[in-house]
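Student: the following comprises the amino acid sequence and a computationally predicted model.
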Amino acid sequence: MRLAGKVAIISGAASGMGAATARLFAREGAKVVIADVLEHEGTRVADAIGAGARFEKLDVTDEESWAALVAATQRHFGKLDVLVNNAGVSGSAEQDLYSTPAWHRIMAINATGVFLGMKHAIPAMIAGGGGSIVNLSSVAGIIGSEGIHMAYNASKAAVRLMTKSVAVQHARHKIRANSVHPGMMPAMRTSGRTADPAIRAERLQSVPMRRAGEVDEVAYTILFLASDEASYITGAEIPVDGGAIAI
Ligand code: NAD
């Protein structure tokens, strides 16, 4: 098993790619903490996995919530090896693409949430002799996008560079940090325009593979980066986008 003996926290694991990653990690031998604001859905994901999984309530924007989550993980599973910063909100539901409150909300969840997660996970990883951090950015963290709030691009670009910063600063602690950049995937819970079938069909025309990705295609990439198979990979960014940004 590719994650035998590892303990992982996955934020935003109540749905979508986070839930798929939690199921895959558990199948590969990890103990998994499913962390999300959605208590009901998160508990369901953990219960379906069984003994190797726990749900913990987490609001990624709340520093105390992160401190409590890392402490609970160490208490229950004894250590922390892997952090997947996956929680996020879309910028495509905003009617006003210049809304200042939207800027603050999207940045708080997508960028500050990742900063806080790494801030609280890194000391636990150092105490355990190392670890692997996988941060969910997006192709929107590398190129501009139409019809989404610019905070989404900015927040995902922040994730991309925060990841490289941590990779450089903590290599000596045997902590690796990498970012994953999905392209068109099943819509997020918070998607607006980008969930519209007509807009999706139009966007697919610029994807070389002419199809959207599946959640497991992202989960397998996260699994690889989390595992010791990626032991010499840090500070890397991996698009999972059917070739969208290769054009
Ligand atoms: P999703 O909406 O299905 O899941 C996001 C999860 O994050 C939800 O369970 C939600 O409750 C949780 N969340 C939101 N705010 C939170 C908070 N403050 N604290 C804790 N949890 C919170 O979306 P998804 O498609 O699974 O997306 C996962 C990640 O991948 C996100 O970071 C997203 O930006 C990124 N991404 C998604 C796509 C896509 O098209 N779906 C493409 C590129 C990147």
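Tutor: That came through, no problem.

Student: okay, now A187: neighbour count?
Tutor: 17 (other Cβ atoms under 10 Å). All C-beta spots, glycine's among them, are computed from the backbone N, C-alpha and C.

Student: do the one 10 residues further on as well
Tutor: Neighbouring residues of P197 were enumerated by other Cβ under 10 Å; the total is 8.

Student: next: V60.
Tutor: So V60, with other Cβ under 10 Å, has 26 neighbours.

Student: helix, strand or coil for it?
Tutor: Under DSSP: H, G, I helix; E, B strand; the rest coil, V60 falls in the coil class.

Student: ok, it touching M118?
Tutor: No. If you go by Cβ atoms under 8 Å, V60 and M118 don't touch, sitting 11.2 Å apart.

Student: which neighbours do the two have in common?
Tutor: N85 (Cβ atoms under 8 Å, 6 or more residues apart in numbering).

Student: just checking, T21 touches L223?
Tutor: Yes. If you go by Cβ under 8 Å, T21 and L223 touch, sitting 7.3 Å apart.

Student: in terms of neighbours, single out the busier of those two.
Tutor: T21 (30 against 23).

Student: look at F55 and report its pLDDT.
Tutor: F55 carries a pLDDT value of 98.

Student: let me fix that, I meant to ask about G129.
Tutor: 98.

Student: next, count neighbours for it.
Tutor: With other Cβ under 10 Å as criterion, G129 counts 11.

Student: picking up where we left off before, name the residues contacting each of T21 and L223.
Tutor: In contact with both T21 and L223: no residue, using Cβ under 8 Å, 6+ apart.

Student: list the buried residues in the lengthiest helix in the chain.
Tutor: The longest helix of the chain (DSSP state H) is helix 150-170. Counting neighbours by 16 or more other Cβ atoms under 10 Å, one finds that the buried residues in helix 150-170 are 150-160, 162-164, 166-167, 170.

Student: what do you get for stretch 131-148?
Tutor: Result for stretch 131-148 [16+ other Cβ under 10 Å]: buried residues 131-142, 145, 148.

Student: out of those, who's near the ligand?
Tutor: L136, S138 (Cβ under 6 Å from any ligand atom).

Student: tell me the one of the buried residues of stretch 131-148 nearest A212?
Tutor: For the buried residues of stretch 131-148, the residue nearest A212 by Cβ to Cβ is V139; the value is 12.4 Å.

Student: wait, that closest one sits on M185?
Tutor: No. In this structure, V139 is not within contact of M185 by Cβ under 8 Å, at 10.2 Å.

Student: hmm, the one helix or strand R200 maps to touching the ligand?
Tutor: R200 is part of helix 197-204 when elements are defined by DSSP states H and E. No. Using Cβ under 6 Å from any ligand atom, no contact is recorded between helix 197-204 and the ligand, whose separation bottoms out at 9.6 Å.

Student: dump the C-alpha coordinates for that helix into PDB.
Tutor: Extracted in PDB, the C-alpha atoms of helix 197-204 (Å, rounded to 0.1, in the frame of the first residue of the first chain):
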ATOM      1  CA  PRO A 197     -23.400  23.400 -19.400                       C
ATOM      2  CA  ALA A 198     -23.300  25.700 -22.400                       C
ATOM      3  CA  ILE A 199     -20.200  27.600 -21.000                       C
ATOM      4  CA  ARG A 200     -18.600  24.300 -20.100                       C
ATOM      5  CA  ALA A 201     -19.100  22.900 -23.600                       C
ATOM      6  CA  GLU A 202     -17.600  26.100 -25.100                       C
ATOM      7  CA  ARG A 203     -14.600  25.900 -22.700                       C
ATOM      8  CA  LEU A 204     -13.900  22.300 -23.600                       C
END
